[in-house]
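S.K.: Would you be able to build a 3D model of this:
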Amino acid sequence: MKLKYNNEVKGAIRNQQPIVALESTIISHGLPYPDNLEVAKSLEQAVRETGAIPATIAILGGVVHIGLNNEALALLADKDSQIEKASRRDIPQLLASGGNGATTAAATMLLAQKAGISVFATGGIGGVHRGAETSFDISADLPELARTDMCVVCAGPKAILDIGLTIEVLETSGVPVIGYQCDEVPAFWSRNGSGVDVPLRLDRPGDIASLMHQKWQAGLEGGVLVVNPVPASAEIPAAELKTAIDAALQQAEQQGIRGKAVTPFLLAYIGTHTSGRSLAANKALVLNNARLAAEIAMAYHRQK
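M.R.: Now for the predicted structure:
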């Protein structure tokens, strides 16, 4: 598989600088225009200001791009562009057809590892959907974390999921889940409210980097998940969100929405029913994650 690096990432590789991977589905499917383009550029700048180099990943014209220019970011942000939502299973078809795909968390992990990147920042990971005991709806993010050597920084599983079961699956898969300066797994837009204790709390990026180094040096394959609470100034209390989430899930069921369409539908519904506050929280948390990911990448780079 051919990887095409932009000039900034090429320079980082040549100069042995730390790099942070960023997904592209947040641009094409996660946020509305023009917020998506603004956030895409802000994420990259936040990584640079913290001292690392950003590498937003996408498949364009059947080629995997590691790092995007402004034109590519604008293409992904344009609602009229024909951009597929690309997980691991979709990569072969996009490569074969010469298509355009925005990478999910799972696909970004996979492609970032192939590019030699060890740290990835996203908003929230996918996981076990509510009712999965009958639907078997479990995100590809979880098996990807189990097999891909990647530190993923997020604000916890998306609040629409069964957070307890998501953490159980990660434990079964041998994925360390680290609470960054927190004792409870954050619920994406909410700092608390999941009711799930973090298996391990670490308060410094250097300690997380040390764990990553020891894990992979010991030959223990698979990822590390860091859950980083949304900034307090932007959070929506979990009790307030519960009504909106329950209503969104009921609407999705009534409308027969399945598969890839579920998460975008639920996020859009909740955005409308929180008067846009979930969008503001989403933007704040993903920037917060990008900064922490850059700090971890820098600390890990010093340990290698």
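
S.K.: Quick check: closest non-adjacent residue to E235.
M.R.: Nearest non-adjacent residue to E235, counting by CB to CB, 6 or more residues apart in numbering: R191, 5.1 Å away. Heads up, the C-betas are built off the backbone N, CA and C, glycines and all.

S.K.: Tell me who's in contact with the nearest residue to S173 once chain neighbours are set aside.
M.R.: Excluding the flanking residues, the one nearest S173 by CB to CB, 6+ apart is A146, at 3.6 Å. For A146, the contact set (CB atoms under 8 Å, 6 or more residues apart in numbering) comprises L170, S173, G174, V175, G222, G223.

S.K.: what about the fourth one, neighbour count?
M.R.: The reference is to V175. 19 (other CB atoms under 10 Å).

S.K.: Buried subset of the contacts of A146 as a PyMOL selection?
M.R.: To isolate in PyMOL the members of those that are buried, counting by 16 or more other CB atoms under 10 Å, one can use:
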select buried, resi 170+175+222+223
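
S.K.: isn't A21 right up against I57?
M.R.: Yes: at 5.9 Å, A21 counts as touching I57 under the criterion of CB atoms under 8 Å.

S.K.: Between the two, which contacts overlap?
M.R.: Residues touching both A21 and I57 (CB under 8 Å, 6+ apart) are T108, L111, A112, A115.

S.K.: Show the low-confidence segments of the stretch 101-250 of the chain, by residue range.
M.R.: For the stretch 101-250 of the chain, applying pLDDT under 70 flags the ranges 132-135.

S.K.: go again using 90 as the cut-off
M.R.: 127-138, 158-161, 192-193, 237-250 (pLDDT under 90).

S.K.: So which residues of it form helices?
M.R.: Under the criterion DSSP state H, counting those that start in this stretch, helices of the stretch 101-250 of the chain are mapped to 105-114, 132-135, 141-147, 163-172, 205-217, 238-254.

S.K.: If you count neighbours, what's buried in the third one?
M.R.: Residues of helix 141-147 classed as buried by neighbour count (16+ other CB under 10 Å): D141, L142, E144, L145, A146, R147.

S.K.: In TSV, list those along with distance to R88.
M.R.: TSV is the format used below for the buried residues of helix 141-147 (distance: CB to CB, whole Å):
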residue	distance to R88
D141	10
L142	12
E144	6
L145	12
A146	12
R147	10
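
S.K.: Between its first and last residues, how far does stretch 127-141 reach?
M.R.: The first residue of stretch 127-141 is 7 Å away from its last residue (CA to CA, to the nearest Å).

S.K.: just to revisit the earlier point, most neighbours among the shared contacts of A21 and I57, please name it.
M.R.: The most crowded member of these, judged by other CB under 10 Å, is T108 (31 neighbours).

S.K.: thought that residue was touching G123?
M.R.: No: applying CB under 8 Å as the test, T108 and G123 come out as separate, 11.8 Å apart.

S.K.: ok, back up a step: quick check: the residue nearest to E235 vs G62, distance?
M.R.: For R191, the distance to G62 equals 41 Å [CB to CB, to the nearest Å].

S.K.: and the two? which has more neighbours close in?
M.R.: R191 (22 against 15).

S.K.: Find the centremost residue of the chain, please.
M.R.: T122 (2.6 Å; CA atoms, centre = their mean).

S.K.: and the closest residue to A238 other than its chain neighbours, what does it touch?
M.R.: Of all residues not flanking A238 in the chain, G193 sits nearest, at 2.3 Å (CB to CB, 6+ apart). Contact analysis of G193 by CB under 8 Å, 6+ apart lists A187, P237, A238, A239, L241.

S.K.: For the second one, the count of nearby residues, please.
M.R.: Read it as P237. P237: 12 surrounding residues under other CB under 10 Å.

S.K.: which residues touch the residue lying closest to it once chain neighbours are set aside?
M.R.: Nearest residue to P237 in three dimensions, chain neighbours excluded: S190, at 6.1 Å (CB to CB, 6+ apart). Residues near S190 by CB under 8 Å, 6+ apart: A159, V230, E235, I236, P237, A238, L241.

S.K.: Of the residues you listed, grab the buried ones for ChimeraX.
M.R.: Listed next is the ChimeraX selection for buried residues among the contacts of S190, using 16+ other CB under 10 Å:
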select :159,230,235,236,238,241
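
S.K.: can you redo the contacts of S190 as JSON lines with distance to P34?
M.R.: Formatted as JSON lines, these follow (distance: CB to CB, whole Å):
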{"residue": "A159", "distance to P34": "25"}
{"residue": "V230", "distance to P34": "22"}
{"residue": "E235", "distance to P34": "24"}
{"residue": "I236", "distance to P34": "23"}
{"residue": "P237", "distance to P34": "28"}
{"residue": "A238", "distance to P34": "29"}
{"residue": "L241", "distance to P34": "25"}
